[in-house]
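[1] My questions concern the predicted model and sequence given below.
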Amino acid sequence: MGNKDEEVKALQEAFKAEFIEHQKSEDATVPLRFLAEALEADTAGYKKRFKESALAMIGLVFLLIQFRDTPYEQWAFIIVPLGLAYAAQRVGSPKRPAILAAASETLLSPVLYTPEQQVLIRRIEEAAFGSERGLKTACEQALQQSA
């Protein structure tokens, strides 16, 4: 478990370092574009992993139904819950918390955004999930400041 935590932390630190390089640009559009692209890619990956996991779960449930009342039923009752747990576990992205923190922090700074930057902020807002209210609120506030 510690090895997995170290791997997640390394991914987040690598993202933070890359984001800091983009922040050094004098054009404020560069870090916004980087955040929008990172969040969109992460969201697309999440949706793909979710579909794969859902299909795997459906397959495992079908397997359980197929082996009901057979000598393999006991094996199915062992394999199916383990498979379901694994399929559900691999949906999340270790980099997403770092992306969300960087985006929220960037958008909460009091800056007037150009129309091109406002488009990027809208892309960030669209890539955020409904449960990520903090980021959506930060996007709305940034857009209102620039209106």
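    Ah, there it is. Numbers count the residues shown, from 1 in each chain.

[2] Just the residues contacting the host helix or strand of Gln12, thanks.
    Taking DSSP states H and E as the definition, Gln12 sits inside helix 2-23. Helix 2-23 is contacted by residues Val30, Pro31, Phe34, Leu35, Ala38, Pro94, Lys95, Pro97, Ala98, Ile99, Ala102, Thr106 when judged by CB atoms under 8 Å, 6 or more residues apart in numbering. In short, each C-beta sits where N, CA and C put it, glycine included.

[3] Quick one: which of these has the lowest pLDDT value?
    For the contacts of helix 2-23, the weakest pLDDT value sits at Pro94, with 83.

[4] The residue nearest to that one when sequence neighbours are not counted and Ala56: what is the separation?
    Nearest non-adjacent residue to Pro94, counting by CB to CB, 6 or more residues apart in numbering: Val8, 4.0 Å away. Distance from Val8 to Ala56, counting by CB to CB, to the nearest Å: 22 Å.

[5] Going by neighbour count, which residues of the worst-scoring helix or strand of the chain on mean pLDDT are buried?
    Ranking every helix and strand in the chain by mean pLDDT, DSSP states H and E puts helix 73-89 at the bottom, with a mean of 75. By neighbour count with 16 or more other CB atoms under 10 Å, helix 73-89 contains the buried residues Ala76, Val80, Gly83, Leu84, Ala87.
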